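1. only geometry, no sequence info:
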DNA sequence: GTAATTGGTTACGTATAGGTAACTACTATA
DNA sequence: TATAGTAGTTACCTATACGTAACCAATTAC
């Protein structure tokens, strides 16, 4: 009985830690975009068509602060040559992302396509 | 090349579908609480100590609308006897939750305990 | 009869997440 | 020389997520 409650509390804490990092409309999409290779600012923007430069810039900075992605400025000569990539910590999200995607597809089939739309 | 982009777009869509449902500060915690058995309003509130009745009520309704949980009012005689439980759709989230928790624990070890706190 | 518990609701306020649009500085191309 | 593309920044505004506090109706316990 008490063990069950302690386990529940532990899981609630862990979920908060994780959510703090991936919460928000844009972070998961940005990470997904970067699983397809290192990308530049504009490339990410072209993947996620409806993100504004402001939000992209802001969320990239946040993810960098959390060590999920890293920003590299190759070739000092050319100013506009920046690349974003997943860190190993960022890559460690891949199982979680996979489950999220699986469930998203499953959910769409279960609910959206059956017109039980909420 | 083009296949890669299409796959990326597909995943971006799927992640949006999933995020729409589980987005927010309280939904995942509520679902976690309910993985430990059917619970009453007050029991969930006692699990998630800092949620207000307003938010709990609001998020329970939202999750019910998405068919993730169901509300059952046993025993018509007694008014205050309501139970919330996960639907099968809600239970289908368990792998995703597991990965979220695993990653949350991993992240805490990687970042928080090493005082590279963002 | 009164207090406590159950399962909420309502009104109100704040904070933050997110959107829009315009602008910057530099480079490359035509 | 003008235009377009690079990678953003800034100011401003809105919507909604979330918090606080008080309240309600019914039931049960004292």
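-> Here it is on my side, so go on. Just so it is clear, the structure is predicted and the values come from calculations on it, not from any experiment.

2. Point to the residue nearest the middle of chain A.
-> Per Cα atoms, centre = their mean, the C-alpha nearest to the average position across chain A is that of residue A:28, at 2.3 Å.

3. List the contacts of that one.
-> Counting by Cβ atoms under 8 Å, 6 or more residues apart in numbering or on different chains, residue A:28 touches A:22, A:97, A:100, B:15, B:19. Heads up, the C-betas are built off the backbone N, CA and C, glycines and all.

4. Just the element for it, please.
-> helix A:27-35 (DSSP states H and E).

5. hang on, the earlier thing: most neighbours among the contacts of residue A:28, which one?
-> residue A:100 (25 neighbours; other Cβ atoms under 10 Å in any protein chain shown).

6. so how far is the helix or strand containing it off the chain centroid?
-> Counting by DSSP H and E, the element that carries residue A:100 is helix A:94-107. Its chain's average C-alpha position is 12 Å from that of helix A:94-107, according to Cα atoms, centre = their mean, to the nearest Å.

7. what sits up against that helix?
-> Contacts for helix A:94-107 (Cβ under 8 Å, 6+ apart): A:18, A:28, A:31-32, A:35, B:11, B:13-19, B:21, B:89, B:92-93, B:95-96, B:98-100, B:102-103.

8. If you average the pLDDT over it, what comes out?
-> Over the span of helix A:94-107, the pLDDT mean works out to 98.

9. coming back round to it: now do the helix holding residue A:28 and helix A:94-107, the angle between them.
-> 110 degrees (axes from the mean of the first three to the mean of the last three Cα atoms, to 10 degrees).

10. how about helix A:27-35, does it reach DNA strand D?
-> No - legend: contact between helix A:27-35 and DNA strand D by Cβ under 7 Å from any atom of the strand is lacking; minimum distance shown is 12.3 Å.

11. Off-centre distance for the helix or strand following that helix?
-> Per DSSP H and E, the first helix or strand lying C-terminal to helix A:27-35 is helix A:41-47. Remark: helix A:41-47 is offset 15 Å from the chain centroid, using Cα atoms, centre = their mean.

12. So which bits of the helix or strand immediately after helix A:41-47 in the chain are buried?
-> Elements were assigned by DSSP H and E; along the chain past helix A:41-47, the next helix or strand is helix A:53-65. By neighbour count on 16 or more other Cβ atoms under 10 Å in any protein chain shown, the buried set for helix A:53-65 is A:55, A:56, A:59, A:60, A:62, A:63, A:64.

13. ok, the residues you listed vs residue A:42, which is closest?
-> Checking the buried residues of helix A:53-65 against residue A:42 with Cβ to Cβ, the nearest one is residue A:56 at 9.6 Å.

14. Just confirm that closest one contacts residue A:29, I think it does.
-> No - using Cβ atoms under 8 Å, residue A:56 is not in contact with residue A:29; the gap is 9.9 Å.

15. Fine by me, we can end here.
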